[in-house]
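Student: build me a model:
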Amino acid sequence: MSTIAFMTTDLPIIGAPMAGGTTTPDLVEAVARAGGFPFVAGGYLTAEALAEQVERARETTETFGVNLFAPNPVPLDRAAFDTFVRELEPLAADRGITLDPEPVVDDDHFTEKLDHLLSHPVPLVSTTFNLPTAEVVARLQAVGTQVAATVTTLNEARTARDRGVDGLIVQGPRAGAHSGTADPTRRIADRPTIDLLTEVRAEVDLPLAAGGGVDGPGAVEELLAAGASAVAIGTLLLLADEAGTSATHRRALKDGMFTETRLTRAFTGRPARALVNDFVHRFDDLAIDAYPAIHHLTKEFRAAAKASDDPQGLHLWAGTGYRGATEGSAETIVKELGARFARG
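Tutor: I've put the predicted structure just below:
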């Protein structure tokens, strides 16, 4: 088996890329300082903003990755979208928000960001939301960048291997925030990450990282013993000092009022695991497969909930291991999780 960048750090811990401001440059630096493998979260950024964050990462470490949202358009059911708008309008009106009834669709500046990374190569690029095409893989590799694909099923793992990627990030369904599935319309059944990892490892001879539902050192040990070369953590970093997690989100993670997580399309039109709050209860059954149209539709609503410190209207991303999240420096969190599994 070949070596991939996330196998070269002192500790087998990956700071998962958390887009939308949660993964900050300070968090990238802290994970690197601990000896883990940090990711710059490229999702939702323009190419210019990504370039700034990549240069910040270069100042800190020579070993890091950049994660991109790969385009994955799903045909929009306009009638269902309009129904969702009508159902959301009364709640938005209560908060002084006027919804834009026209669906907004974009590719998250993927081409521009890819062009920048081709002209300013980084050690590793990973994709989520869709598998990279063979052409994209080859172009990145041609400039010395390794490529990893986020996979959520064995079939995705096989396809990514056949397209020439250097490694896989196996994401179990218990991971917080968006599922990286290449088929956002499918029903995602619950299963332990180790089961998916074992299934993929049996058929795909590539370096594997794994994450989803990690709640502490025991889960790290289990995934490493099952063949993962590194374990990705995201939820366990949400309370870290360096994370960009909002104060409302931080309090909710510690609040006994929130007792479960659920995969829901209510906030963005794409399955994402969050703490179950009033918004999920009210709109989960009405939600449709319409990313990024629903994401753009609810964006102002979610921003208002954050500004008013309203956890019932905010997307409280969290994996099933959220009770294991602790406060303090990310450097300390990563070291405590991975120190006894140090390489070499």
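
Student: domains in this protein, by residue range?
Tutor: Listed by the TED database, the domain ranges of the chain are 5-71+107-245+324-341, 74-106+259-315.

Student: what about the shortest one, start to end distance?
Tutor: So the one you mean is domain 74-106+259-315. The straight-line separation of the ends of domain 74-106+259-315 (Cα to Cα, to the nearest Å) is 22 Å.

Student: same check, this time on the longest one
Tutor: The stretch domain 5-71+107-245+324-341 measures 17 Å between its terminal residues, going by Cα to Cα.

Student: okay, now the sheet partners of the helix or strand containing Ala149, with direction.
Tutor: Assigned by DSSP states H and E, Ala149 belongs to strand 146-151. Note on strand 146-151: by DSSP bridges, its sheet partners are strand 124-128 (parallel), strand 167-171 (parallel).

Student: dump the domains of the chain into TSV; add mean neighbour count and mean pLDDT as well.
Tutor: C-beta here means a position set from N, CA and C on the backbone, and glycine is covered the same way. As requested, the domains of the chain are arranged in TSV below (neighbours: other Cβ atoms under 10 Å; pLDDT from 0 to 100):
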stretch	mean neighbour count	mean pLDDT
domain 5-71+107-245+324-341	21	98
domain 74-106+259-315	17	94
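
Student: nearest to Leu253, of these?
Tutor: Closest approach to Leu253 among the domains of the chain (Cβ to Cβ): domain 5-71+107-245+324-341, 5.8 Å.

Student: tell me which stretches of the stretch 151-300 of the chain form strands.
Tutor: Counting by DSSP state E, counting those that start in this stretch, the stretch 151-300 of the chain has strands at residues 167-171, 177-178, 208-211, 230-233, 261-264, 272-275.

Student: so which of those gets nearest Gly338?
Tutor: Per Cβ to Cβ, nearest to Gly338 of these: strand 230-233, 7.8 Å.

Student: where does that closest one sit relative to the chain's centre, distance-wise?
Tutor: 12 Å (Cα atoms, centre = their mean, to the nearest Å).

Student: tell me what it is packed against?
Tutor: Judged by 3 or more Cβ pairs under 8 Å, 6 or more residues apart in numbering; DSSP states H and E, the packing partners of strand 230-233 are strand 13-15, strand 208-211, helix 217-225, helix 330-338.

Student: mind redoing it with 7 Å?
Tutor: strand 13-15, strand 208-211, helix 217-225 (3 or more Cβ pairs under 7 Å, 6 or more residues apart in numbering; DSSP states H and E).

Student: now render those as a markdown table, adding distance to Glu327.
Tutor: Converted to a markdown table, these look like this (distance: least, Cβ to Cβ, whole Å):
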| stretch | distance to Glu327 |
| --- | --- |
| strand 13-15 | 16 |
| strand 208-211 | 21 |
| helix 217-225 | 17 |
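
Student: of all the ones you listed, which lies closest to Thr185?
Tutor: strand 208-211 (22.8 Å).

Student: residue contacts, the closest residue to Gly213 other than its chain neighbours?
Tutor: Excluding the flanking residues, the one nearest Gly213 by Cβ to Cβ, 6 or more residues apart in numbering is Arg174, at 3.1 Å. Shown in contact with Arg174 (Cβ atoms under 7 Å, 6 or more residues apart in numbering): Thr193, Gly212, Gly213, Gly319, Thr320.

Student: hang on, the last one packs against Gly213?
Tutor: Yes - contact criterion Cβ atoms under 7 Å: Thr320 and Gly213 qualify, at 4.6 Å.

Student: related to what we said a few turns ago, so which of the helices and strands packed on strand 230-233 is nearest Ala293?
Tutor: Closest among these, using Cβ to Cβ: strand 208-211, at 27.7 Å.

Student: show me what that closest one pairs with in its sheet, parallel or antiparallel.
Tutor: When DSSP bridges is applied, strand 208-211 pairs with strand 167-171 (parallel), strand 230-233 (parallel).

Student: want to throw the ones you listed into a markdown table with distance to Glu156?
Tutor: A markdown table is the format used below for these (distance: least, Cβ to Cβ, whole Å):
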| stretch | distance to Glu156 |
| --- | --- |
| strand 167-171 | 9 |
| strand 230-233 | 16 |
